[in-house]
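S.K.: sequence first, then the predicted structure:
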Amino acid sequence: MTFLVTGATGNAGRRVVEHLLRKGERVRALTRHPEKAGLPGEVEVVAGDLTDPSTLDFRGVTGIHLLTIGGDDYATLRTGPDIVDLAARQGVRKVVTLWNGRRGPVEEAVENSGLEWTHIEPVDFMSNSLHWADAVRTNGKVEEPFADSLNAVVHESDVGAVAATLLVEDGHAGKRYSLTGPEALSPRAKLEIIGQVIGKDLEFVELTEAQARQRWRRAGHADEMIEVLVAWQSNPPAEAYTVTSTVEDVTGRPPKSFRQWAEENADRFR
């Protein structure tokens, strides 16, 4: 069997590849820039763009780890129906989707197909804190909005482990899984943990919502994605901060903590 990982060079995608390889599976990695993939030699790296289904080839693939966003602006994929139709026609059996914060065309398409599907919904990745690294190293100060908004962030390796398990094992069809870490933390608390790990006093400066929107727009985020970010951070729904047991239920081991993540990535902040 061969499993296709879309977004294979991203923080989560790389971990899906890693965990599939650990399970002894054959992995095909889809990326828009195969020359920059930097994946293990045993991975079959192929070029393709989810925003352009004509570039995709799913022949020989048993299951797909499928993103629900595409392009440089992280906009919701509108090509879901075409992608899912192609997958079904070319013999794919199973799809595991990775959501972007709200249900969209990809989820709707797989649910209306004859494929075995499972949705995984990580509330937020711990690795998103890496964008603080430059500011922490240079001036010991981080500027972010919604300083005390709680979020049960999940380690990207746990996301990869869950996705790989769902692709390889049966018994998860038609289910939605919320993925969290072991605790809900605010941005201010996460920065404090990073400071403790690297032995440095760090300052948190809270931005206004307007300043945050401007920053995200400059970073190239689509308007739709900015609205998702504002909604989840300014007034998070209960699922954003409610800790779940999904990681342990699916993988058999407890989720990693943010402190563990910070210790693993401490050199990035020093």
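M.R.: Cool, got the structure. Numbering: from 1, shown residues only.

S.K.: can you give me the helices in this protein?
M.R.: For the chain, helices defined by DSSP state H occupy the ranges 11-22, 80-89, 105-111, 133-139, 156-168, 187-198, 209-218, 223-234, 238-241, 246-251, 258-264, 266-269.

S.K.: what's next to the second one, contact-wise?
M.R.: Defining contact as CB atoms under 8 Å, 6 or more residues apart in numbering, one finds that helix 80-89 is touched by 50, 53, 56, 58, 61, 64, 66, 68, 77, 95, 104-110, 113-115. Placement of C-beta: from N, CA and C, glycine included.

S.K.: pull out the buried residues from the residues you listed.
M.R.: 50, 53, 56, 58, 61, 64, 66, 68, 77, 95, 104-107, 109-110, 113, 115 (16 or more other CB atoms under 10 Å).

S.K.: filter those residues down to the ones in strands?
M.R.: 64, 66, 95 (DSSP state E).

S.K.: just name the shakiest helix or strand of the protein by mean pLDDT.
M.R.: Scoring the helices and strands of the chain by mean pLDDT, DSSP states H and E places strand 75-76 at the bottom, with a mean of 82.

S.K.: direction included, what does that one pair up with?
M.R.: strand 69-70 (antiparallel) (DSSP bridges).

S.K.: and the strand it pairs with, average pLDDT?
M.R.: Strand 69-70 comes out with an average pLDDT of 86.

S.K.: not counting sequence-adjacent ones, nearest residue to Ala47?
M.R.: Distances taken as CB to CB, 6 or more residues apart in numbering put Pro34 closest to Ala47, at 5.0 Å, once the chain neighbours are dropped.

S.K.: burial count for that neighbour?
M.R.: By other CB atoms under 10 Å, the residues close to Pro34 number 15.

S.K.: does it touch Glu44 like I think?
M.R.: No: using CB atoms under 8 Å, Pro34 is not in contact with Glu44; the gap is 10.0 Å.

S.K.: tell me the buried residues in stretch 244-258?
M.R.: 244, 246-247, 250-251, 255-258.

S.K.: report the beta-bridge partners for the nearest residue to Gly60 once chain neighbours are set aside.
M.R.: Of all residues not flanking Gly60 in the chain, Thr2 sits nearest, at 5.5 Å (CB to CB, 6+ apart). Using DSSP bridges, the beta-bridge partners of Thr2 come out as Arg26.

S.K.: wait, isn't Thr2 in contact with Leu30?
M.R.: No: the pair Thr2 / Leu30 is not scored as a contact, 11.9 Å apart, by CB under 8 Å.
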